[in-house]
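Trainee: Got a predicted structure plus its sequence, pasted below:
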Amino acid sequence: MKLDRRGFVKFLVGGVVGTMLSPIPWKLTDDIAIWTQNWPWVPNPPNGANSFKNTISPFRGDGIGVSVRLIDQKRAVTLSGVPDNPINQGGMSCIDLSGVQYHYNQAVRVKSPMVFRDGAFHAISWEEATGLFIGKLKEIRDQGTPEKVALVDGSGPGTMKDLLGRFMACYGSPNYMSMPNASDTEAQILKLMYGAGGTMGYDLENADFIISFGCGLLEGWGSQRTLLAYKDWRQEGNRGKTTLIQVAANASTTSSKADQWVAIAPGAEGAFALGLAHVILKENLGNLGALTGRAFGLGSGVDSQAMSFSGFRDLVLEEYGPDKVTQVTGVSPEKIQDLARRFAKAKSPLALPGRGKGTMPGGLYEFMAVHSLNALVGAVNRSGGVGPVMSPPLTSWPEPALDSVAEKGLRNARIDGAGSRYPFSSSLLHQFADVVAEAPKSPVEMLVVYKSNPAHNAPSSKEFNRARSKVPFVVSFSSFWDETTKNANLVMPNHSFLERWEDGTTPAGVPFPTYVLGAPVLPPLFDTRPTADVILETTKALGGSIATSFPWKSYEDLLKFRVAGIAASQQGVVSVPGSLAEQQPRGFSSAGDLWSSLTENGCWYDPSQRIGKTATGFNTPSGKFEFYCNGISEGLRQAGLDPKRLNVSVQGEAVCMAHFEPAEVEGDPQRYPLLMAPEELAYVFEGEVPSSPYMTKIWPDTLLKGNTLVIHINPEDAHNQHLYEGDPVMIESLKGSAEVRVHLFNGVRPGTVSMAEGFGHTGFDGYIRDKGANTRDMTTVASDALSGMPLWWGTRVKLTKV
Amino acid sequence: MAKQRLVTNRGTGWLFFVAGLVLMLFVGWFLFPKALYSTKTQPFEFSHATHGPQGAAGNECTDCHAFRDDGSYQGIPPLSKCMECHEELIGESEAEREFHEKALEMAENDEQVPWLIYSRQPVCVYFSHAAHVKMAELECTSCHPDVTNQKAPLPYFQNRITGYSKDVWDRMKMSDCGDCHEKHGANNACFVCHK
Ligand code: SF4
């Protein structure tokens, strides 16, 4: 018996059969499958005991209370909404829900102070970083030019915003800017029409007929309360309780979930509101009687500058008849009449101005039109209506000490023209960018950026980046490698939101004053420092009047000082577990009691100050609600501006009243036949940070296909251009272009293109980087006629097949 | 020539086949399982017999393998639990002295005893002890071996590929979960265990 070839084959076959009859292949297959579940690089959260700590989530700036689940008190796992916080009542948005990812993601966190030298970032110590920062500040101040320092602040309303503003003032620079927001326009309306400070509140819960002029109620407009109100309207048994009319150009989520969607021409919201006002005034509907003695400028009169006028009634009756409004808006006269009648007859009608999530400021006249409409139906300062909400009674800041350098610096006009060329605005980032980008030599020597990412989401990021590249020294306080930080000279990373103190005053739209406070939940993960403390340290080092204006040892100290004011006022209540469900909020006995309650549960509020509950007067020059704004004529006179030479389309008395300003969109309609409308979506976030990795999992193919953004166009336009579903196209505007794909959607108005915001990042990590295109790189930004606020709801574009 | 060779091997050729078969059966059933697992020992000599209800310490099982206040299950107790007794030296055995010293050191460094867990499941499995022990009232021994009288820990056979203990797949494999769920009419959908 010899092992020949044939014998060997037999041996092999035997071996194979034996192997198959043994556990080897089966066990191995199984084990390999199990091995894949257990790859060492797959994150494996440690097991341990759960505990919960309350704080606030700062991403959206709307003060929502979150409870952080911790494992063994040291590893944060999830955030969930605190049920007793009256702002979110347990609810939260996707970015809050997945916020922990921004705490732990090593790839996006800046782990230590960094300086950009010789073409690369180098880690440095805090001593060196603060030394550089303070040294530069001293140097600029010593030259007697403190106005050459500018700051961009993206924080929501709260102590940090005030602190940075105060720091800039004491240093001597007027150039403090915030990221633009619809609440900036609301602040102007409050001042001009209501004569009030604080914030604008909308009592959505008690309204029964709501006309939203483009507000993305379901996309994230206002605070989390908006969604809760919507939930309540649609609750079983509440059918017909509240009617929602969405007036918008596109079929957004809100449009599709409203009782009626009025598809109007983009940019015509103001005309539509005035069309409704026309019907109400003509047919004598509404609650005009309630206005007797409480409104100024509805009929004829004389303003505070001794100019006589014939008033809002005449203006509207003359100029905004349904036929004319139909021409501008594309909505039939019957529809306008019907809607106006239903609106005026409702018990608690309420009109809401704004677009998308409310991150885009509105036209001042457009907002005035909507507020005038509210006044006509008696919605002002009424339950279920609209009105100013007083700021929480925090201890007011002591008068800042200003030395001669500061006083001289503050006498300079702001670079962005706010307060001078645009007397009604307080900050205009896009104007700043334009001026700096165009100047032969940058008027700014140092640009400081806090909690914002203007290099990606300034109204016109291209302009901002041009300006930024001219500024010799850019300082970022960001915790993340965002686009602005990647281009900074010095980075002094802030603690993450789970590591620092944070507070917030009444968010946009909430109808009563609130104050939220979040204490650190975890020790710092990296070599970071809270920006507030760095600023306080800087004031000490700068010395003199700057140091005396900031007597607080730490930010915690400052917050205690502020909160003491609420304690002293003895107003309001604090949320405690069960307080909302049982409707039994708790008072507080002392400053210490209030402080510990706030750090544990996070929220103070004052339901007794809810809109309609307190008798609120109007602190306008006339002491009334002003259809005709004395403030406008006064403001223009004080600034030495001739109304005739303004960019306003009307003359005479109409300058001081709501009227329709036709949209001025840059670009030749022949060359750029379509209008691109940036779209803000509920499940895409854009702010200090972009969407989190978890959020990318819920994006449909009609939003992002592979790494290409999908824009939505009307099938009619597609047909005209021979485009089919999924076709790759180049979208191009005056400012920029990007390759995208098309999705054919009847919900997009013919002639318009809907393009999602929040994409095209080049910073952060692979979850978001290089995905889609950034609308802001493409938008042409218009300046609102009177306020100068940036408007970018429409950009002329063309599509070319690639 | 070719015909000649064919004739030669006819009748005995199957022996090669059998040799291959037997060899691989031996490798597969005997050598492979040995090679697949490495044997590890627990970091300390722990006796359930001593600690348990019939032992000197006389604990109930649930004294150490407890549910937390929030209803989650603790599994292997943390070092702090051991330290409740072993912070002081108990008795004179060498093993105790070794544990006592090391335990003090670990507590100092905020470390835990690196116990090897026979029943560790993959992270993709969501398992609730509360649902099974409290709600379905299963005995611990329905899934875990009874260790009341175990004097020393069993050797831990670690699968070289998966990293898991050999014992976890004895009666804690997905099919075991599924069978039991089916028998008791419990939900057997994927998402019940794989969240
Ligand atoms: S949807 Fe979930 S439960 Fe259903 S088959 Fe898929 S994984 Fe399983």
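Mentor: Good, I have the coordinates. Residues are numbered from 1 along each chain as shown, chains lettered A, B, ... in the order given.
Trainee: separation between whichever residue of chain B sits closest to the ligand and A:Leu447?
Mentor: For chain B and the ligand, the shortest gap (Cβ to the nearest ligand atom) falls at B:Cys190, measuring 2.7 Å. Where you see a C-beta, it was placed from the backbone N, CA and C, and this is true even at glycine. Separation of B:Cys190 from A:Leu447 (Cβ to Cβ, to the nearest Å) stands at 53 Å.
Trainee: So which of these two has more stuff around it?
Mentor: Taking other Cβ atoms under 10 Å in any protein chain shown, B:Cys190 and A:Leu447 do not tie; A:Leu447 has more neighbours (29 against 7).
Trainee: so A:Met200 sits in a helix?
Mentor: No. A:Met200: not assigned to a helix; according to DSSP: H, G, I helix; E, B strand; the rest coil it is strand.
Trainee: Quick check: beta-bridge partners of it?
Mentor: A:Pro388 (DSSP bridges).
Trainee: surely it meets A:Pro388?
Mentor: Yes. At 6.6 Å, A:Met200 and A:Pro388 qualify as touching, with contact defined as Cβ atoms under 8 Å.
Trainee: Now residue 56: phi and psi?
Mentor: You didn't say which chain, so I picked chain A. Dihedral angles of A:Ile56 (phi, psi; degrees, to the nearest 10) stand at phi -120, psi 150.
Trainee: what residue lies at the spatial centre of chain B?
Mentor: Geometric centre of chain B, nearest residue: B:Tyr118, 1.9 Å, by Cα atoms, centre = their mean.
Trainee: tell me which element that residue is part of?
Mentor: Taking DSSP states H and E as the definition, B:Tyr118 sits outside all helices and strands.
Trainee: wait, what's in contact with it?
Mentor: B:Tyr118 is in contact with B:154, B:156, B:165, B:167-168, counting by Cβ atoms under 8 Å, 6 or more residues apart in numbering or on different chains.
Trainee: from the middle of its chain, how far away would stretch B:124-134 be?
Mentor: How far stretch B:124-134 lies from its chain's middle: 17 Å, per Cα atoms, centre = their mean, to the nearest Å.
Trainee: buried stuff in that stretch?
Mentor: Going by neighbour count (16 or more other Cβ atoms under 10 Å in any protein chain shown), the buried part of stretch B:124-134 is B:129, B:132-133.
Trainee: ok, is it in contact with chain A or not?
Mentor: Yes. Stretch B:124-134 comes into contact with chain A (Cβ under 8 Å from any Cβ of the partner chain), by way of B:Cys124.
Trainee: how close does A:Asp31 get to A:Gln609?
Mentor: Taking Cβ to Cβ, one finds A:Asp31 at 66 Å from A:Gln609.
Trainee: With neighbour numbers in mind, choose between these two.
Mentor: Counting neighbours by other Cβ under 10 Å for A:Asp31 and for A:Gln609 shows that A:Gln609 has the greater number, 22 against 18.
Trainee: check contacts around that one.
Mentor: By Cβ under 8 Å, 6+ apart, the contact list for A:Gln609 reads A:389-390, A:512-513, A:571-572.
Trainee: Tabulate those residues (JSON lines), appending distance to the ligand and pLDDT.
Mentor: Below are the contacts of A:Gln609 laid out as JSON lines (distance: Cβ to the nearest ligand atom, whole Å; pLDDT from 0 to 100):
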{"residue": "A:Val389", "distance to the ligand": "46", "pLDDT": "96"}
{"residue": "A:Met390", "distance to the ligand": "50", "pLDDT": "94"}
{"residue": "A:Phe512", "distance to the ligand": "43", "pLDDT": "96"}
{"residue": "A:Pro513", "distance to the ligand": "46", "pLDDT": "96"}
{"residue": "A:Gln571", "distance to the ligand": "51", "pLDDT": "94"}
{"residue": "A:Gly572", "distance to the ligand": "47", "pLDDT": "95"}
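Trainee: which helices and strands does the longest helix seen in chain B pack with?
Mentor: Identified as the longest helix of chain B according to DSSP state H is helix B:94-108. Counting contacts by 3 or more Cβ pairs under 8 Å, 6 or more residues apart in numbering or on different chains; DSSP states H and E, helix B:94-108 packs against helix B:79-86.
Trainee: in the helix it packs on, what counts as buried?
Mentor: Residues of helix B:79-86 classed as buried: B:79, B:82, B:86 (neighbour count, 16+ other Cβ under 10 Å).
Trainee: you'd agree the first one is up against B:Leu104?
Mentor: If I follow you right, that is B:Leu79. No. Contact between B:Leu79 and B:Leu104 fails when scored by Cβ under 8 Å: they sit 10.0 Å apart.
Trainee: Quick check: nearest residue in space to the closest residue to chain A within chain B, chain neighbours excluded?
Mentor: Chain B approaches chain A most closely through B:Gly28 (2.0 Å), counting by Cβ to the nearest Cβ. For B:Gly28, ignoring the flanking residues on the chain, the nearest one in space by Cβ to Cβ, 6 or more residues apart in numbering or on different chains is A:Ser22 at 2.0 Å.
Trainee: so what's that neighbour scoring on pLDDT?
Mentor: Looking at A:Ser22, its pLDDT stands at 94.
Trainee: pretty sure it contacts B:Pro33?
Mentor: No. A:Ser22 is beyond contact range of B:Pro33, at 9.6 Å (criterion: Cβ under 8 Å).
Trainee: neighbour-wise, which of those two wins?
Mentor: A direct count of neighbours by other Cβ under 10 Å for A:Ser22 and B:Pro33 places A:Ser22 higher, at 21 against 15.
Trainee: residue contacts, that one?
Mentor: Shown in contact with A:Ser22 (Cβ under 8 Å, 6+ apart): B:24-25, B:27-29, B:32.
Trainee: Buried ones only from those, please, as a PyMOL command.
Mentor: A single PyMOL command selects the buried members of those (16+ other Cβ under 10 Å):
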select buried, chain B and resi 24+25+27+28+32
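Trainee: Next, give me the two most distant ones among the contacts of A:Ser22.
Mentor: Distance extremes for the contacts of A:Ser22: the farthest pair is B:Leu25 and B:Phe32 at 10.4 Å, using Cβ to Cβ.
Trainee: how about the helices in the stretch 101-250 of chain A?
Mentor: Assigned by DSSP state H, counting those that start in this stretch, the helices in the stretch 101-250 of chain A fall at A:126-142, A:159-171, A:182-189, A:225-233.
Trainee: any chance of these in TSV, plus distance to A:Gly214, mean pLDDT and mean neighbour count?
Mentor: As requested, the helices of the stretch 101-250 of chain A are exported to TSV (distance: least, Cβ to Cβ, whole Å; pLDDT from 0 to 100; neighbours: other Cβ atoms under 10 Å in any protein chain shown):
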stretch	distance to A:Gly214	mean pLDDT	mean neighbour count
helix A:126-142	42	98	16
helix A:159-171	26	98	22
helix A:182-189	10	96	24
helix A:225-233	14	93	20
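Trainee: which stretch among those helices comes nearest A:Ala738?
Mentor: helix A:182-189 (26.2 Å).
Trainee: got a list of contacts for that closest one?
Mentor: Residues contacting helix A:182-189 (Cβ under 8 Å, 6+ apart): A:157, A:178, A:199-200, A:353-355, A:358-364, A:367-368, A:371, A:424-427, A:508, A:787, A:789.
Trainee: if we go to 7 Å?
Mentor: With contact meaning Cβ atoms under 7 Å, 6 or more residues apart in numbering or on different chains, helix A:182-189 is reached by A:199-200, A:354, A:358-362, A:364, A:367-368, A:371, A:424-425, A:508, A:787, A:789.
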